[in-house]
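Peer 1: The following comprises the amino acid sequence and a computationally predicted model.
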Amino acid sequence: MVFNYLKIAYRNLLRRKGFSAINIAGLSIGIASCILLFVVITYELSFDKFQKNYSRIVRVVTKEKAVEENYTTGVPFPAVETFRMNFPDATTAGLYARNGSQVTVVGEDSSNTRTVKKFIEDHGVFFAEPEVFNIFTVKFLSGSGGKLSEPNQVIISKSLAEKYFGRWEDAVGQFIRLDLNILLSVAGVIEDAPSNSDFPFKLLASFKTLKQHGANYGYNTYWGSNNSDMQVYMLLPGSASASVVETKINSLTKEFYRQVNDKNTRTHVVQPLSDIHFDTRYGNFNNRMVSRPTIWTLMLVGLMIIVMACINFINLSTAQSVSRSKEVGLRKVLGGNRAQLIAQFFSETAIVVGISVALGLALAFLVSPQLDDFVPVGKDVNILNLPTILFLLITALVVVLVSGFYPAMILSGFRPALALKNKINSASIGNISLRRGLVVLQFALSQLLIIGTIVAISQMNYIRRADLGLKKDAVLVLTHSSDSASISRMPAFKNELLSIKGIEAVSFSSDVPSSDNNWSTNFAFNGGEDEKFGLFMKVADQDYFDAYGITIIAGRALSKSDTSREFVVNETLVKKLGLKDPADIIGKNIRIGSNAWLPVVGVAKDFKTNSLREDIKPLAIFSSSNYYSSAGIRLSGDNFSGVVASVQKTWDKYFPEYVSNSRFMDEAIAEFYTQEEQLSRLYKIFAVLAIIISCLGLYGLVSFMAAQRTKEVGIRKVLGASTASIVFLFSKEFMLLIFVAFLIASPLAVIFMNNWLSNFTFRVDIGPGVFLLAIVSTLAIAWITVGFKAFRAARVNPTKSLKSE
């Protein structure tokens, strides 16, 4: 019996090749989309779940509330030992990130010739305590983590060991230099961290080494200072409550903070490992996060796509029902019951879905290598794994039930007498309002995606064109060491750079104006007590403002000096201090931490200190050559490649022992929004797919109406109706349905996209132009779809139309 059902189903599909192809195309696209979204979502949700202590690992982060809340991953350096002493049942470890460090490897080649290899490690470089390996799951290939309890020891990853020494087996016992001034002995080799880890451990030097060389790396024992690169992790005992630990930590640290600032507003939050990848308020060592609302949005997009594909199938199946009425009548007359007919129609649905699943899976395979361009899941993403196969089977079953139920109920319910006399009409074939409702739902979902995509594109365009308060273009940024030997060569290096044609300005500083670095401390103003909020700092020379195009609106820029003598502050600090005119702060004194009081000599116009997701921080800029680790070089003209080559040549002349590490500032700023750019491209694709699937469904309903109104069209033609009037007859109803869908989708889109835009402090407004573009584009595409089918129906010879019934 089952074989007979399948054989007849197969014949019916071949008999109606056009409708079958449209059904299969819509479902294939929907299923392929769902597979790819499932791969993305499961990848994001898998981050760090390989950690054996996943549920017990926490990070202690910092929240500071004054006028508004500021969040940072960092804690003061002395907090590590304080937490360890007061939580003896927990395992505590400090990690201090030092990305961008240079590693120098001295060795011999096969002919015993001395070789020097130099590398810049952009990420994965840390000073770490040995307890790190008791908290995180790390596989040692050789050596042990206990050696990090000694100074001048380092653990490196397998990939680094092979890069430095050829074979990882030869690494232990070898020596490397970190930033030229620290000699480290390789004490162990670990397996590379998987791609779904927020802890890309590549090089871990002992924390005692940091303490020995603290002056070069910003290490201090001051509770008032905070650096986002200094992070603390704890492995809580099984019975411990994170909220209880958080309360105790804040009770402990309160007194330390009061000693440096009795108006302290800094508190700590105990953040579970399960939140680190998803809490966008804080960063992580992988510099990659995705919010949980984004995960839910991707799930919703997948659901919307597959629902629209199912609606397609229902509409197209009901459109064919008129032509199958005699078949149903004959089956019933010959003894077939309704259950058998339902089984027959479900078998047809199952074949269509089965073919669609196979094609969808093949399509997903073809597209998966490009998936990493939209969402970084890795080039070697595996589609055929157990979770994906189970998801595919469940999806196929649900699609068969959802898509097949309504058409099976309708077709199996035909009365034999009416069916054999070909008296089945639109009133007999289910509920027209339901089918129209399905079209409304389809286009509401597609317009929701279209509006969301337009808003996302508008926000990304705004980001690209936003006034950052500085000139980000044509600035080449070189990162360099801040050791004493390098500092002594900087003036001559700067003078030679300025002699190169095409270079307008050069500035040394601790950091570029807009970055993800947050260095803050307590401070006092004009002889008073410490303020309630923290002061963020950047260290720069006198040419900082010219090099980066920062405007001084009161007073003057910094004067030439190698040590701290004066401050330039930003407008935000002036406002937070309650001053109305920027000129009012000129001549007033500021004390940062426990240092000397220094005068304010200038006020800079506000520039974006971080990404557009964050507020502008209250900022003080001062000079101190010991902190200079980057050089900003403003270029002019159009021969950038030639100028960059000259810069490289000059660098090699003055710093031959260092690797040149440079990039343009606008490229670095663009990386702030990599995830948003990728998701924006992803939304574009799914919006296009939604329109395609919706138009297929619309085509199905037009086909249904054309089949039902064949005689009416013939009569109208005989009575003199023009082709245009008949096209309008079919089109006007669908234009109304699409407008109703627009009214439903618009408020939902506003809610969803305002929620997404809330991640940005600086954002676009959702204006009427967004909705106008969405409805006009949807109507145009739908009219073309409807008009094509309606035009063909209107062009049929009336004599044939009138004979059809």
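Peer 2: Yes, it's here.
Peer 1: So for stretch 193-208, mean pLDDT?
Peer 2: Across stretch 193-208, the average pLDDT comes to 93.
Peer 1: Ok, stretch 460-473 next?
Peer 2: Rounded mean pLDDT across stretch 460-473 is 81.
Peer 1: strand partners of the helix or strand hosting residue 601, parallel vs antiparallel please.
Peer 2: Using DSSP states H and E, residue 601 falls within strand 598-604. When pairing is defined by DSSP bridges, strand 598-604 lines up against strand 552-555 (antiparallel), strand 567-570 (parallel), strand 589-592 (antiparallel).
Peer 1: Save the ones you listed as a markdown table, and put in mean neighbour count, distance to residue 354 and mean pLDDT too.
Peer 2: C-beta here means a position set from N, CA and C on the backbone, and glycine is covered the same way. Formatted as a markdown table, those follow (neighbours: other CB atoms under 10 Å; distance: least, CB to CB, whole Å; pLDDT from 0 to 100):
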| stretch | mean neighbour count | distance to residue 354 | mean pLDDT |
| --- | --- | --- | --- |
| strand 552-555 | 17 | 69 | 93 |
| strand 567-570 | 26 | 64 | 94 |
| strand 589-592 | 20 | 69 | 92 |
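Peer 1: Show me the one of these that comes nearest residue 60.
Peer 2: Closest to residue 60 of the strands paired with strand 598-604, according to CB to CB: strand 589-592, at 24.0 Å.
Peer 1: Could you report the pLDDT at the residue nearest the centre of the chain?
Peer 2: Central residue of the chain (CA atoms, centre = their mean): residue 675, 2.8 Å from the mean position. On pLDDT, residue 675 comes in at 73.
Peer 1: same thing with residue 185?
Peer 2: At residue 185, the model reports a pLDDT of 93.
Peer 1: Let me have the strands paired with strand 598-604 in CSV, extended by distance to residue 121.
Peer 2: Compiled in CSV, the strands paired with strand 598-604 are given as follows (distance: least, CB to CB, whole Å):
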stretch, distance to residue 121
strand 552-555, 37
strand 567-570, 33
strand 589-592, 31
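Peer 1: just so I know, which of those strands lies nearest residue 219?
Peer 2: That would be strand 589-592 among these, by CB to CB, at 17.4 Å.
Peer 1: now the closest one, how far from the centre of its chain.
Peer 2: Relative to the chain's own centre, strand 589-592 is displaced by 39 Å; criterion: CA atoms, centre = their mean, to the nearest Å.
Peer 1: ok, and what's touching that strand?
Peer 2: Strand 589-592 is contacted by residues 521-527, 535, 537, 567, 569, 597-600, 620 when judged by CB atoms under 8 Å, 6 or more residues apart in numbering.
Peer 1: For residue 312, which of the strands paired with strand 598-604 is the nearest?
Peer 2: Nearest of the strands paired with strand 598-604 (CB to CB): strand 567-570, 55.8 Å.
Peer 1: what packs against the helix or strand hosting residue 679?
Peer 2: Residue 679 is part of helix 674-708, with elements assigned from DSSP H and E. Judged by 3 or more CB pairs under 8 Å, 6 or more residues apart in numbering; DSSP states H and E, helix 674-708 is in contact with helix 17-45, helix 292-320, helix 432-465, helix 723-757, helix 768-794.
Peer 1: Buried ones in the second one, by neighbour count?
Peer 2: Spelled out, it's helix 292-320. Buried residues in helix 292-320, counted by 16 or more other CB atoms under 10 Å: 294, 297-298, 301-302, 304-320.
Peer 1: can you check the third one too?
Peer 2: For helix 432-465, the neighbour count (16+ other CB under 10 Å) marks 435-436, 438-460, 463 as buried.
Peer 1: Show me how far that helix is from its chain's centre.
Peer 2: The answer for helix 432-465 is 20 Å, by CA atoms, centre = their mean.
Peer 1: and of the strands paired with strand 598-604, who's closest to residue 348?
Peer 2: The closest of these to residue 348 is strand 567-570. By CB to CB, the value is 68.9 Å.
Peer 1: For that closest one, C-alpha coordinates in PDB please.
Peer 2: What follows is the C-alpha trace of strand 567-570 in PDB, where atoms were taken according to Å, rounded to 0.1, in the frame of the first residue of the first chain:
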ATOM      1  CA  PHE A 567      47.000  68.200  31.100                       C
ATOM      2  CA  VAL A 568      44.700  68.600  28.100                       C
ATOM      3  CA  VAL A 569      41.200  67.400  29.000                       C
ATOM      4  CA  ASN A 570      38.100  66.800  26.900                       C
END
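Peer 1: what about stretch 522-540, distance to the chain center?
Peer 2: For stretch 522-540, the distance to the chain centre is 34 Å (CA atoms, centre = their mean).
Peer 1: now do stretch 138-158
Peer 2: That offset, for stretch 138-158, works out to 33 Å (CA atoms, centre = their mean).
Peer 1: pLDDT (mean, whole number) over that stretch?
Peer 2: 93.
Peer 1: Can you get me the start-to-end distance on it?
Peer 2: End-to-end distance for stretch 138-158: 12 Å, by CA to CA, to the nearest Å.
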